[in-house]
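**Student:** predicted model, plus sequence, below.
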Amino acid sequence: MTTTAQHTVPTTPARQYYRVKDAARVLGVPPRTLYHLVEHEQIPYRRLGTVILLPAAWVEREPTMPVKRR
């Protein structure tokens, strides 16, 4: 009988928030669009000092914009 060593891969905790620039990259929109939506309180957000954070659940649920052809 042979035994094999089990390697455990450390898991990273799930992301809870995105900064505006990271969320814009994921969604395929300009960061200014998200800042505008935050200013008008049209999307969920949190402020941590001067940093605006968008919930990962919202960012990952929203459809991404199609890539424009040039």
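**Tutor:** Nice, I can see it. Numbers count the residues shown, from 1 in each chain.

**Student:** do you know how far Gln16 is from Arg32?
**Tutor:** For Gln16, the distance to Arg32 equals 24 Å [CB to CB, to the nearest Å]. Yep, even glycine has a C-beta here, placed from its N, CA and C like the rest.

**Student:** just want the phi and psi numbers for Thr50.
**Tutor:** Main-chain dihedrals, Thr50, degrees, to the nearest 10: phi -100, psi 0.

**Student:** and what of the one 5 residues further on?
**Tutor:** With angles defined as degrees, to the nearest 10, Pro55 shows backbone torsions of phi -60, psi 130.

**Student:** change the start of the numbering to 37 and stick with it
**Tutor:** Okay, using 37 as the starting number, the last item reads as Pro91.

**Student:** and it, what does it touch?
**Tutor:** Contact analysis of Pro91 by CB atoms under 8 Å, 6 or more residues apart in numbering lists 52-54, 80-82.

**Student:** how close does the residue nearest the centre of the chain get to Pro67?
**Tutor:** Nearest to the mean C-alpha position of the chain, by CA atoms, centre = their mean, lies Tyr54 at 4.0 Å. Distance from Tyr54 to Pro67, counting by CB to CB: 11 Å.

**Student:** ok, now Leu89?
**Tutor:** Distance of Leu89 to Pro67, given as CB to CB: 13 Å.
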